[in-house]
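Chemist: pasting a predicted model and its sequence here:
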Amino acid sequence: MKPLKIAYIRYHLREPATGIGNVCKNFELELSKYNDVQLIGLTPPPISNKKGILKIINKAWFVGWLKFAVPFLSIIKGADVYVEMNMLYPLFRFARFYFFIYDLAFVKMPEVVLNTNYNKRVSFLKRINGQKDKNIAISESTRRDFLEYTGVPPSTVDVVYLDSSMAVDPVTDGRAVPTTPYFLFVGTLEPRKNVTNLVRAFYSFSEQVSEEYHLYLIGKKGWLYEEIFKTIDEKPHLKDRIKWIGYASDQELSFYYMNAFALLYPSLYEGFGLPILEAMRHGLPVISTNNSSLGEVGGDAVLYCDSIEAPGILRPMLQLHREPGLRDKLIRKGYERAGLFSWKQFGDTLHTTFIQNR
């Protein structure tokens with residue numbers, strides 16, 4: 001039997017630092033190991049770091065390439081399957097389509113999503129053909145949300161779990177390990193991450209314990225983040241304990257994971273929740289909300305919040321501080337839980353899905 005020809009856009013060459021770029025890179029690495037699959041990687045136009053009109057031209061160039069060049073090249077190369085990893089629907093059908101579905105935050109929580117992103121994603125979902133298209137959800141939670149919204153047959157949606165590509169390899173540039181214990185948050189500063197309530201919980205924690213702790217926020221400013229910094233300013237006598245670091249490289253982030261007291265991740269909704277997995281790999285206890293996909297990733301290795309509000313986040317923070325041995329227990333369980341996820345498993349599951357549906 002001839003190999004199954006799978007066409008896809010090599011997003012990791014265009015946007016290597018993004019989550020989609022990372023998924024694409026590992027998609028390529030893992031599926032290239034199979035003899036019954038032939039990958040047809042389509043190299044996109046390079047992304048521009050320019051601003052203004054040049055950025056608009058670059059974006060238009062990519063959209064035109066996606067609509068016309070991708071179908072043409074796929075047909076010329078004889079693709080049996082086309083896999084789209086960026087929730088974009090091709091101009092017309094030229095092979096069996098598979099779409100990666102990461103989350104439905106724009107549907108579940110439209111109030112915290114920019115209108116442009118909302119309109120683009122909803123338009124994509126409306127084009128999904130329940131009889132012809134196949135879909136790959138990155139968690140059971142995402143699969144349930146996708147089925148509920150689109151009404152496509154359950155048999156057309158498979159779950160393929162991701163993994164973290166971050167090595168436990170902290171930066172070694174001579175920086176000193178912080179002597180004051182700190183809680184860590186990792187993620188884009190935007191409403192869905194619930195950072196405002198996290199800050200309020202941290203302030204309450206600081207007022208109830210005698211030891212001094214700090215809070216490090218790692219992540220770029222996203223959108224609608226102003227309320228976070230207003231909340232930080234509400235306690236002038238404590239605000240110096242909160243440090244917004246902004247972007248951190250993988251090695252820098254590994255350093256912060258390695259030396260933190262715990263990860264705080266009280267998100268309102270996640271398609272997967274990668275920081276939980278990254279923290280567990282680094283031997284860092286995790287405090288998280290238990291909604292959407294977060295329980296799928298954390299299992300029984302995470303200390304869950306009672307609610308998304310500040311008092312519900314505060315309780316596990318105090319518990320972890322006050323209970324001897326709890327932190328070591330969570331670290332052990334975290335290592336075990338993290339071992340359930342791998343890029344090899346990701347590739348094996350994808351391969352089975354493609355071959356069974358050929």
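Modeler: Now that the structure is in, tell me what you want to look at.
Chemist: for the helix or strand where residue 126 lies, C-alpha coordinates in PDB please.
Modeler: Taking DSSP states H and E as the definition, residue 126 sits inside helix 115-127. C-alpha atoms of helix 115-127 as PDB (Å, rounded to 0.1, in the frame of the first residue of the first chain):
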ATOM      1  CA  ASN A 115     -13.800  41.100  18.500                       C
ATOM      2  CA  THR A 116     -11.400  40.400  15.600                       C
ATOM      3  CA  ASN A 117     -10.400  37.100  17.100                       C
ATOM      4  CA  TYR A 118     -14.000  36.200  17.900                       C
ATOM      5  CA  ASN A 119     -15.300  36.800  14.400                       C
ATOM      6  CA  LYS A 120     -12.400  35.000  12.700                       C
ATOM      7  CA  ARG A 121     -12.800  31.900  14.900                       C
ATOM      8  CA  VAL A 122     -16.600  31.700  14.700                       C
ATOM      9  CA  SER A 123     -16.400  32.000  10.900                       C
ATOM     10  CA  PHE A 124     -14.000  29.100  10.900                       C
ATOM     11  CA  LEU A 125     -16.300  26.900  13.000                       C
ATOM     12  CA  LYS A 126     -19.300  27.600  10.800                       C
ATOM     13  CA  ARG A 127     -17.400  26.200   7.800                       C
END
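Chemist: would you state the strands of the stretch 251-358 of the chain in chain order?
Modeler: Residue ranges of the strands in the stretch 251-358 of the chain, as given by DSSP state E, counting those that start in this stretch, are 262-265, 286-288, 303-304.
Chemist: and what of the stretch 1-150 of the chain?
Modeler: For the stretch 1-150 of the chain, applying DSSP E, counting those that start in this stretch gives strands covering 4-9, 37-42, 81-84, 96-101, 134-137.
Chemist: can you lay out these as a markdown table showing distance to residue 153 and mean pLDDT?
Modeler: From N, CA and C alone the C-beta is placed, and that goes for glycine too. Converted to a markdown table, these look like this (distance: least, C-beta to C-beta, whole Å; pLDDT from 0 to 100):
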| stretch | distance to residue 153 | mean pLDDT |
| --- | --- | --- |
| strand 4-9 | 22 | 98 |
| strand 37-42 | 25 | 98 |
| strand 81-84 | 19 | 98 |
| strand 96-101 | 15 | 98 |
| strand 134-137 | 10 | 98 |
